[in-house]
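Chemist: below is the structure, and that's it, no one-letter string:
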Ligand code: CA
């Protein structure tokens, strides 16, 4: 899952990015409204964490610009503006959620999970495919109930494929949702991770449809 943090306060921005990266999200940052808007044009984000008091373009104006084009984009406002009216304005302009600063990281994380849950097949965030089970909260993968050790990238690829079961996911989409913009990656890198992932979970689970992408499929263990 790929997030954009729009926050001008350097320390908060860095610590959020660090904490969320640790939790397995791909994280981009933007420290003013204009840069954020440019990044949103180029990248597809699963969720945007949006501050209101921002240089160049404030968060509410940015929110309006995004909503004018895209009603589906998930947006969570993170702001020190904490009056009821501030929250109403944010939600009325189309934010999906509003969290006031200061906040506990664990609460932010729970709200992020909640906002992204619509993409999950099961509400309890445990995904199954044959003998493979992915616990998206513990970020752990099991095969026949035995834990399998995956690298962070392998896990992220598998989770994305599991959330989109039955769909064919192109290497470009995987790159888009898995890596942040800093990552210098080509579809070849995805190939390497997929190949290692297939060795660990069983090659039969990941179908490679030539020229189109990858799909997770249910097979007998
Ligand atoms: Ca600010």
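Modeler: Yep, that arrived. Quick caveat: nothing in here was measured; it's all calculated off a predicted structure. Numbering: from 1, shown residues only.
Chemist: for the helix-or-strand element of the chain with minimal mean pLDDT, which positions count as buried?
Modeler: Of all helical and strand segments in the chain, the minimum by mean pLDDT, DSSP states H and E falls on helix 171-178, at a mean of 83. Buried residues in helix 171-178, counting neighbours by 16 or more other Cβ atoms under 10 Å, are found at 171, 173-175, 177-178. For glycine as for every other residue, the C-beta is placed from the backbone atoms N, C-alpha and C.
Chemist: how about these, which pair is most distant?
Modeler: Within the buried residues of helix 171-178, 171 and 177 form the most distant pair, 11.2 Å apart (Cβ to Cβ).
Chemist: quote the end-to-end distance of stretch 29-38.
Modeler: Stretch 29-38 has an end-to-end distance of 12 Å (criterion: Cα to Cα, to the nearest Å).
Chemist: need the contact partners of it.
Modeler: With contact meaning Cβ atoms under 8 Å, 6 or more residues apart in numbering, stretch 29-38 is reached by 4-8, 10, 13, 17, 39, 48, 50, 54-59, 61-62, 65-66.
Chemist: now render the buried residues of helix 171-178 as a markdown table, adding distance to residue 159.
Modeler: A markdown table is the format used below for the buried residues of helix 171-178 (distance: Cβ to Cβ, whole Å):
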| residue | distance to residue 159 |
| --- | --- |
| 171 | 16 |
| 173 | 14 |
| 174 | 11 |
| 175 | 15 |
| 177 | 10 |
| 178 | 9 |
